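>>> Have a look; sequence and predicted model below, questions after that.
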Amino acid sequence: MISRLLWKLLGINILIIGVVIVIVWLSVDYLAAGYFMTLMEKYNISPTSSHQMFVSAVHRYLVWGSLGALVLAAGFSFLLMRRILNPLTQMTEITRKIASGDYSARVPVKSRDEVGQLALAFNRMAESLQRIEQLRKTMMIDVAHELRTPLTNIKGYLEALNDGVVSPSRETFELLQEETFRLVKLVGDILRLAKADAAKASLHKVEIQIVDLIIQMLDSFRSQLEEKGIKVETHGLDGTKIVWADPHHLSQVLHNLVQNSWQYTPTGGTVMISVEPLPGAIKVVFSNTGGEIAEEDLTFIFERFYRGEKSRSREHGGAGIGLAIVKELVEAHGGSVGAELAEGQTLIWFELPMDQPRRTD
């Protein structure tokens, strides 16, 4: 296809040059020659032989000049169009590789013009596809791993009960029930994560007083927090702080962050929640004492199924999906998330824009 396009472009250039040559040729025959004959008659010179010599000379030089112009035009056009079309040829080959599952190839960027910008955009698309494919493979492995553990435990207990190795006691059924609940929770988390991925297309933004939503969420976790003796400190929860957000999805974000703070704060620790107004945005910060997470793990805590060796260990429960859901939902609202370590505390924050969505009707 690229070769056909090259010859089409060359043919167009040659056709244009040919039309120009024909126009010049006819102009010489019907205009320039007439002016020449008028001048000859004015000065009493016989026009017949001089006219023939003039026309022959003009035609001869026009032919040689036209041939030279055609050669130069064809040569330069060919080189220029090859340079333009080479990246397109490479993109075609790379597209075939991507279709077959190879996402590693990239188009060399040799210019900053429109073709170079197209190559950059193509490379960014390939990188995005490669990252998505890697996330998909990693997620499948992680889901299989997370499902295997409780299923193996349930299978082991059922085989032991069937073989009579373990007696059907209350404790055994409680263990089976616990593993079943763990499976149900994991499947529910995966479903919520899938919904968070598609949240951008299903947001129903309304005006929300985010402070009221935080207080409601703290009230729902009050018994769990008191059970561990966790002290809750709040800053900036007074006044009106309005954001435009989907109430259901924003509630999920706050639920996951409060739950995360409750799970990973040691008994007798402190959880601090602050709301800070920024230019055009609201920043909500959750911090807790006893930050066991390593600094090098901070960049990964919003990844799916991520658990650090300490702070994301299985003793706390969960599958490392909660913060991934937070990230997806906040970014679906046009916001951002982040994490920091400061003076023995783990800080997890998110920002949401306060702008009212524009009407499209």
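That came through, no problem. Numbers count the residues shown, from 1 in each chain.
>>> would you list every one of the helices in this protein?
2-27, 33-42, 47-99, 114-163, 170-197, 210-220, 222-227, 247-264, 322-332 (DSSP state H).
>>> any idea how this protein splits into domains?
Per automatic domain parsing, the structural domains of the chain span 2-102, 123-197, 203-353.
>>> still on that earlier bit, out of the helices of the chain, deepest packed?
helix 322-332 (a mean of 23; mean count of other C-beta atoms under 10 Å). No exception for glycine: its C-beta is placed from N, CA and C like everyone else's.
>>> still on that earlier bit, go through the helices of the chain and name the closest to residue 344.
For those, proximity to residue 344 was assessed by C-beta to C-beta; helix 247-264 is nearest, at 13.2 Å.
>>> For that closest one, name the packing helices and strands.
In terms of contacts (3 or more C-beta pairs under 8 Å, 6 or more residues apart in numbering; DSSP states H and E), helix 247-264 is packed against helix 170-197, strand 206-209, helix 210-220, strand 281-289, helix 322-332, strand 345-353.
>>> between that helix and strand 345-353, how many degrees?
170 degrees (axes from the mean of the first three to the mean of the last three C-alpha atoms, to 10 degrees).
>>> Can you pull out the low-pLDDT segments for the protein?
Residue ranges of the chain with pLDDT under 70: 1-12, 23-55, 57-59, 61, 113-114, 195-202, 291-292, 294-297, 304-320, 355-361.
>>> Centre-most residue in it?
In the chain, the residue lying closest to the centroid (C-alpha atoms, centre = their mean) is residue 128, at 6.0 Å.
>>> if we can go back for a sec, kindly reformat the helices and strands packed on helix 247-264 as TSV containing distance to residue 155.
Converted to TSV, the helices and strands packed on helix 247-264 look like this (distance: least, C-beta to C-beta, whole Å):
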stretch	distance to residue 155
helix 170-197	10
strand 206-209	46
helix 210-220	35
strand 281-289	37
helix 322-332	27
strand 345-353	37
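>>> May I see the helices of the chain arranged in CSV, with distance to residue 339 as well?
Listed next are these as CSV, based on distance: least, C-beta to C-beta, whole Å:
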stretch, distance to residue 339
helix 2-27, 48
helix 33-42, 85
helix 47-99, 33
helix 114-163, 19
helix 170-197, 18
helix 210-220, 19
helix 222-227, 21
helix 247-264, 11
helix 322-332, 8
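>>> Which of these sits closest to residue 282?
helix 210-220 (6.1 Å).
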